[in-house]
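[1] Using only what follows, build the 3D model:
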Amino acid sequence: MDITDFDNTKNMNNQNQKKRQSTSNLSEKEREAKVENAHKKAENAKKGSLASKANMVKKFNEND
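    Okay, here's the model as predicted:
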């Protein structure tokens with residue numbers, strides 16, 4: 001591991017930490033709106049994508 005790998009890892013950790021902080025500052029209503037928006041996007045997933053496969057599993061589990 002050289003110094004550039006260390007710097008890249010440090011930068012990625014900082015970015016992840018900022019993302020976590022930005023979502024934790026949302027009100028409950030804003031968070032629910034974001035989650036709902038994400039669910040709507042997942043319903044329109046492209047065929048063969050990971051989201052479409054997750055939708056297939058969700059539909060299968062709902063039929064049980």
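[2] Could you use CA atoms for every contact and neighbour count after this?
    Will do.
[3] so how far is Met56 from Thr9?
    Going from Thr9 to Met56 by CA to CA, to the nearest Å gives 35 Å.
[4] The most centrally placed residue in the chain: what's it in contact with?
    Centroid-nearest residue in the chain: Ala38, 8.4 Å away (criterion: CA atoms, centre = their mean). Counting by CA atoms under 8 Å, 6 or more residues apart in numbering, Ala38 touches no other residue.
[5] Can you list the low-confidence ranges for this protein?
    Applying pLDDT under 70 to the chain flags residues 1-8, 10, 16-24.
[6] any chance you could map the helices in it?
    Assigned by DSSP state H, the chain shows helices spanning 3-24, 28-43, 50-62.
[7] Pull out the CA atoms of the last one and give them to me as CSV.
    As requested, the backbone C-alpha atoms of helix 50-62 are provided in CSV (Å, rounded to 0.1, in the frame of the first residue of the first chain):
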residue,chain,number,x,y,z
LEU,A,50,-30.2,-5.2,-9.4
ALA,A,51,-33.3,-3.1,-8.5
SER,A,52,-35.5,-5.1,-10.9
LYS,A,53,-34.2,-8.3,-9.3
ALA,A,54,-35.0,-6.9,-5.8
ASN,A,55,-38.5,-6.1,-7.0
MET,A,56,-39.0,-9.7,-8.2
VAL,A,57,-38.0,-11.0,-4.7
LYS,A,58,-40.3,-8.5,-3.1
LYS,A,59,-43.2,-9.6,-5.3
PHE,A,60,-42.4,-13.3,-4.6
ASN,A,61,-42.3,-12.7,-0.8
GLU,A,62,-45.6,-10.8,-0.9
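[8] which residues touch it?
    Residues contacting helix 50-62 (CA under 8 Å, 6+ apart): Ala42, Glu43, Ala45, Lys46.
[9] Now list the buried members of the residues you listed.
    Neighbour counting over the contacts of helix 50-62 (16 or more other CA atoms under 10 Å) leaves Ala42 as the buried ones.
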